[in-house]
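Undergrad: Could you work out the structure for the sequence below:
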Amino acid sequence: MLAVDVAALGWDLIERHGRRSFGDLRFQPAESVFPALTCVAQAAFRTAAPGAVHGIEANGFFDRRLRRAFFWEQSAALVGGPRLWDRFRAAGGRVALLFWQQSLGEAADRILSPRPIHLHHGGMISDCQSRPLEWSAELTRRIGRPFPLHRYWGPLAGAASSEWIVRATIETLRGDGDAPELVLSYLPHLDYDLQRFGPGHPRAGRALAAVFDWLARLRAAAAERGYAVLFFGDYAMAAAAGAPVYPNRALRAAGLLDVRVVGGRAYPDLFGSAAFAVCDHEVALVYAADADRAARARDALAALPGVAGVAPSAGAGGDRAPDFVLTADEGRWFAYPWWSAAAEAPDYAGHVDIHNKPGYDPCELRFGFPPPRIARDPARIRGTHGRAGPGRRVAWASSAPLRPEPDDLIGLARALRGWLEETLP
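TA: Numbers count the residues shown, from 1 in each chain. I've put the predicted structure just below:
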């Protein structure tokens with residue numbers, strides 16, 4: 001089986017562009033998970049379980065012991081619970097994961113994940129880490145160029161990274177007599193222009209057409225090698241119509257978030273602060289020093305314009321679990337800044353810096369002035385995701401009969417697990 005997670009492949013997008021049929025496959029709708037974010041959806045899919053089991057509540061989290069926010073950490077140990085392929089693999093089936101989040105160290109036979117080398121004098125060597133270790137270099141040799149990391153995220157993010165992943169996936173299917181029987185891959189391309197321009201923009205249709213071309217190539221390569229296919233979306237993108245919501249500004253104004261000023265720039269004091277919000281698209285995870293200050297933070301944020309609701313944590317992440325989770329109103333999203341004056345912005349605010357920023361920053365998808373600085377105007381972001389429910393269903397299609405007929409992403413994963421286990425000798 002080749003299973004491909006297509007970022008932002010929402011059912012509404014499929015319907016809008018009349019792409020329900022794909023050759024002999026027919027796309028169907030399914031509910032996503034909440035929050036409908038990359039790491040959450042991928043954790044839910046590979047465990048076939050909700051957040052109370054896998055413990056991933058966003059793309060980032062706050063570590064209460066280290067007093068630091070982390071984003072896009074790649075250790076598979078962060079994801080709790082059994083994997084959908086455990087019985088399949090125990091019986092001799094082989095599994096590959098290409099470009100899935102939090103896959104390094106995973107119980108799989110082949111793994112490929114971006115892992116650049118950051119040079120001390122500045123700059124970066126674009127590279128991937130793999131299992132086996134030599135596999136990344138072998139794929140680079142076969143494809144003819146290294147993975148273009150600068151096309152995977154940032155203002156230059158575009159088709160080149162997904163093209164490389166498609167080629168790497170096809171090479172994995174072809175194998176050298178040892179191709180894994182289950183290959184899970186990921187196509188990020190659709191997400192970029194949907195965030196930049198919104199799901200209703202003509203660029204969205206062109207991005208979807210490019211994705212369907214890649215899926216056609218993957219389907220052909222899979223058929224050539226006797227693989228069934230499963231193509232599915234992880235979340236649906238919605239139009240970002242209003243200004244973002246700034247929970248950390250509200251916490252600072254309420255005296256709950258402290259900053260240290262260095263060279264005129266305001267950096268958060270996460271050791272001394274009473275509360276902090278880890279912002280991630282349409283959700284924000286809020287962490288407080290104790291129950292008293294959690295109540296004060298809840299009061300300060302629940303009444304903030306643009307906040308649709310406050311929910312408890314799924315609670316399975318241990319020290320990573322927040323005190324509560326905010327959801328934005330339709331058309332709004334949460335921005336991480338705690339400053340209002342541009343002069344107070346930390347140095348990393350104007351750069352692509354996904355690991356130092358204590359919040360997700362979609363502005364990294366656009367250039368500011370002068371380049372290579374990124375945009376500072378959040379109004380230039382036109383698409384967002386994270387909410388679940390009506391209007392946020394994802395699309396899926398499979399050449400294999402998946403039973404029972406799934407109606408959500410976790411059900412789809414369980415159906416795949418059942419199909420895999422039926423193939424066991």
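Undergrad: need the contact list for residue 375.
TA: The neighbourhood of residue 375, defined by CB atoms under 8 Å, 6 or more residues apart in numbering, consists of 363, 366, 367, 368. C-beta: built from backbone N, CA, C; applies to glycine.
Undergrad: got a winner among these for most neighbours?
TA: With neighbours set by other CB atoms under 10 Å, the maximum within these is found at residue 363, which has 23 neighbours.
Undergrad: Residue 357 versus that one, what's the distance?
TA: Residue 363 sits at a distance of 10 Å from residue 357 (criterion: CB to CB, to the nearest Å).
Undergrad: swap in residue 146?
TA: Distance from residue 146 to residue 357, counting by CB to CB: 25 Å.
Undergrad: Tell me which of these two has more neighbours.
TA: Relative neighbour count places residue 357 above the other of residue 146 and residue 357, with 20 against 17, counting by other CB under 10 Å.
Undergrad: Let me see the contact set for the more buried one.
TA: Residue 357 makes contacts with 71, 336, 348, 349, as judged by CB under 8 Å, 6+ apart.
Undergrad: mind redoing it with 6 Å?
TA: Contacts for residue 357 were tallied using CB atoms under 6 Å, 6 or more residues apart in numbering; they are residue 348.
Undergrad: what do you get for residue 69?
TA: Contact partners of residue 69, counting by CB under 6 Å, 6+ apart, are 60, 62, 278, 358.
Undergrad: Cross those residues against strands and list the overlap.
TA: 60, 62, 278 (DSSP state E).
Undergrad: Tell me the most packed of the residues you listed, by neighbour count.
TA: residue 278 (28 neighbours).
Undergrad: How about that one: what's its closest non-neighbour residue?
TA: Nearest non-adjacent residue to residue 278, counting by CB to CB, 6 or more residues apart in numbering: residue 285, 4.4 Å away.
Undergrad: Show me where the protein has its helices.
TA: Using DSSP state H, the helices found in the chain span residues 11-16, 38-47, 51-54, 86-90, 135-143, 159-174, 189-197, 202-224, 247-253, 291-302, 409-422.
Undergrad: about what we covered before: show the contacting residues for the residue nearest to residue 278.
TA: The neighbours of residue 285, taking CB under 6 Å, 6+ apart as the test, are 58, 278, 322, 325.
Undergrad: State the pair within those residues that is farthest apart.
TA: Among the contacts of residue 285, the pair separated by the greatest distance (CB to CB) is 278 and 325, at 9.9 Å.
Undergrad: What is the neighbour count of the closest residue to residue 257 other than its chain neighbours?
TA: Closest residue to residue 257 in three dimensions, ignoring its sequence neighbours and counting by CB to CB, 6+ apart: residue 251, at 4.0 Å. Applying other CB under 10 Å, we find 27 residues neighbouring residue 251.
Undergrad: again, but for the one 5 residues further on
TA: For residue 256, the number of neighbouring residues by other CB under 10 Å comes to 23.
Undergrad: these two touch, right, it and residue 272?
TA: No - counting by CB atoms under 6 Å, residue 256 sits too far from residue 272 to count as a contact (10.8 Å).
Undergrad: which residue packs closest to residue 373, ignoring adjacent ones?
TA: Of all residues beyond its chain neighbours, the one nearest residue 373 is residue 350 (4.5 Å), with distances taken as CB to CB, 6+ apart.
Undergrad: Pick out the most distant pair among the contacts of residue 375.
TA: By the measure CB to CB, 363 and 367 form the most distant pair in the contacts of residue 375, at 10.0 Å.
Undergrad: Was I right to think residue 84 contacts residue 415?
TA: No - Residue 84 is beyond contact range of residue 415, at 9.8 Å (criterion: CB under 6 Å).
Undergrad: any idea of the pLDDT on residue 375?
TA: Among the per-residue scores, residue 375 shows a pLDDT of 93.
Undergrad: next one: the one 10 residues further on
TA: Residue 385 is assigned a predicted lDDT (pLDDT) of 98.
Undergrad: Same question for residue 341.
TA: The model reports residue 341 with a pLDDT of 96.
Undergrad: Any idea how many residues pack against it?
TA: Counted with other CB under 10 Å, the burial measure for residue 341 works out to 8 neighbours.
Undergrad: Could you do residue 333 as well?
TA: So residue 333, with other CB under 10 Å, has 29 neighbours.
Undergrad: And for it, nearest residue in space, chain neighbours not counted?
TA: The spatially closest residue to residue 333, leaving aside those adjacent along the chain, is residue 384, at 4.1 Å (CB to CB, 6+ apart).
Undergrad: now residue 158
TA: Nearest in space to residue 158, with sequence neighbours left out and distances taken as CB to CB, 6+ apart, is residue 151 at 5.5 Å.
Undergrad: Next up, the contacts around the one you found.
TA: 157, 158, 160, 161.
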